[in-house]
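Asks: need a structure here:
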Amino acid sequence: MTHQHAGVAVDVYSDVVCPWCYVGKRRLERAQSQLPTVATQVIWRPFQLNPTMPQEGMDRRTYLEAKFGSQDSYRRLEEHVAVAGASEGISFAFERMRKTPNTFLAHRLIWYAGKHDQQNFVVDALFKAFFEQGADIGSQAVLTDLAASAGLEAARFLRTEEGAANVTAEEAAGRRLGIRAVPYFVFNKSYGISGAQPVDVFVGAITNAAARRAEEQLTRK
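Replies: Residues are numbered from 1 along each chain as shown. The predicted structure follows:
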């Protein structure tokens, strides 16, 4: 009989316009690949960094200057994240990004993808489209195309309000947990890690969560 570790559920609170969320996703995946005997299930949860963003989005430079005060401040941040991204195989192309989108529609698409077991693929496609191609991921047309790349027909869904209440409720649950910045990773609903931590931190968190789950299962028997 092969010994299988107890499973670990990882709830990731993230926004698709957060570069550190993209880096964190890659590092979590590297940790998962180092622990092939632990069954991990990753669930992507919504967290809007700019919940008051106009629905059509905003010119990116205008937005960043309002948020950071000067081009120099955000250029330094971009350089820092670009170096971290390069080490994870991500080619950040900040110069291609013209607009900061409202991400509510993208979060609804991620919720919808979750119903079809395609969350991870869709989240990856959204990060890649925004950060590497400069796509407007607030646009229904762009989101419909990204969904199609995962084999999902999303045009009708995106025109309705389906999933909107679910996304709002999930985001509120995250804020009730005290989450104020993303990425934020919750392991088996009991232990949280903030930020795109080094891979070994994720390895430790998954290992600990699996061990705790295994102990709980033993004490129940």
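
Asks: what's the longest helix seen in the chain packed up against?
Replies: Ranked by number of residues, the top helix in the chain under DSSP state H is helix 199-220. In terms of contacts (3 or more Cβ pairs under 8 Å, 6 or more residues apart in numbering; DSSP states H and E), helix 199-220 is packed against strand 8-14, helix 19-33, strand 184-187, strand 191-194. Heads up, the C-betas are built off the backbone N, CA and C, glycines and all.

Asks: what sits up against the third one?
Replies: Put plainly, it is strand 184-187. If you take Cβ atoms under 8 Å, 6 or more residues apart in numbering as the criterion, strand 184-187 is touched by 8-14, 24, 28, 47, 174, 177, 192-195, 202, 205-206, 208-209.

Asks: and what of the second one?
Replies: The set of residues that contact helix 19-33 without belonging to it, under Cβ under 8 Å, 6+ apart, is 10, 12, 14-15, 38, 40, 42, 81, 84-85, 88-90, 92, 123-124, 127, 131, 182-183, 185, 195-200, 202-203, 206.

Asks: ok, the first one next?
Replies: For strand 8-14, the surrounding residues in contact (Cβ under 8 Å, 6+ apart) are 21, 24-25, 28, 38-47, 123, 174, 179, 182-189, 206, 209-210, 213.

Asks: give me the angle between that strand and helix 199-220.
Replies: For strand 8-14 against helix 199-220, the angle by axes from the mean of the first three to the mean of the last three Cα atoms, to 10 degrees is 130 degrees.

Asks: off-centre distance for strand 8-14?
Replies: 9 Å (Cα atoms, centre = their mean, to the nearest Å).

Asks: how about stretch 211-221?
Replies: A distance of 30 Å separates the centroid of the chain from that of stretch 211-221, by Cα atoms, centre = their mean.
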